[in-house]
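S.K.: Take this sequence and fold it.
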Amino acid sequence: MGESVITIVAIFLAAVLMFVFPLVSVSERNDDISQLAVQSATSEFTDDIRTTGTITQAKYDAFLTTLSATGNSYDVELEAKILDENPGKKGTNLTQANKIGENIYYSVYTSQILDALAANNGKYTLKEGDIINVTVKNTNRTIAELLRSFFYRVTGDTTYEIAASQSGMIMSTGK
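M.R.: Residues are numbered from 1 along each chain as shown. This next block holds a predicted model:
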C-alpha cells in the first residue's frame, strides 16, 4: 500500500513537471511578447502624432487593430494637453522681457478627442507645443495571470499585466 501511494504522488509530480510548468512558461512568454508589441505600437502611434500634429480616425483604428492582434482587450486613454497662450501684462523679469503673460495647458481627454474625430471628418489637429499622452492597459486576465493566481493564490482584478505609456511634445502644427 505504501508503494502505491508513492507511485501516485510520483505520477502527479511528473504530470505537473511535464505539463503545468511548460504551460506557465509559454503563457508568460506570450505576455512578454504582447507587452513588447503594445509598447512598440504605442510608441509608433505617439511619435506619428508628434511629427504630424494630427490624430486621424484611420490611424487610431489601425492602432486599435494592432493592439487587438495580441489577443487581449485594452483600455486606451488619450490626453492632449493644449497650450493656451494667455496674453497679459508684460513681466518685470529681464530674462523674459519679450514674453507677455504665462502659457498654461488645459487637457482634452479620450472621449472629447473621439467626439472631435467624429465631428471633424476623422481628424483632430494639434499645434506645435501641445503635449500628447497615450496610455494603454489590458482589461482582460491573461492565461499567465490566471495560472499565477491559481498557483500563488494572488487575487485582485485591479492589476494589469500588459501596459504601455508614451508621451511627447508636438513638433509641428497639424494641417
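
S.K.: Nearest residue to the middle of this protein?
M.R.: Within the chain, one residue has its C-alpha closest to the average C-alpha position: by Cα atoms, centre = their mean, that is Val136, at 1.9 Å.

S.K.: In this structure that one contacts Ala164, no?
M.R.: Yes - checked against Cβ atoms under 8 Å, the pair Val136 and Ala164 is within contact range at 4.8 Å. The way it works is simple: take the backbone N, C-alpha and C, and place the C-beta from them, glycine included.

S.K.: list residues touching both of the two?
M.R.: 38, 42 (Cβ atoms under 8 Å, 6 or more residues apart in numbering).

S.K.: Show me how far stretch 118-128 is from its chain's centre.
M.R.: On the basis of Cα atoms, centre = their mean, to the nearest Å, stretch 118-128 is displaced by 21 Å from the centre of the chain it belongs to.

S.K.: likewise stretch 42-57?
M.R.: A distance of 14 Å separates the C-alpha centroid of stretch 42-57 from that of its chain, computed with Cα atoms, centre = their mean.

S.K.: now the strands for the protein?
M.R.: Under the criterion DSSP state E, the chain contains strands at 54-56, 74-90, 100-109, 123-125, 131-138, 163-169.

S.K.: pLDDT weak spots in this structure?
M.R.: Low-confidence segments of the chain, defined by pLDDT under 70: 1, 86-101, 153-160.

S.K.: re earlier: show me the one of the strands of the chain that comes nearest Val20.
M.R.: strand 131-138 (23.2 Å; Cβ to Cβ).

S.K.: got the angle for that closest one vs strand 163-169?
M.R.: Angular relation of strand 131-138 and strand 163-169 on a 0 to 180 degree scale: 170 degrees, by axes from the mean of the first three to the mean of the last three Cα atoms, to 10 degrees.

S.K.: heads up, I number from 7, so please use that
M.R.: Understood, numbering begins at 7; the last thing we discussed is strand 137-144.
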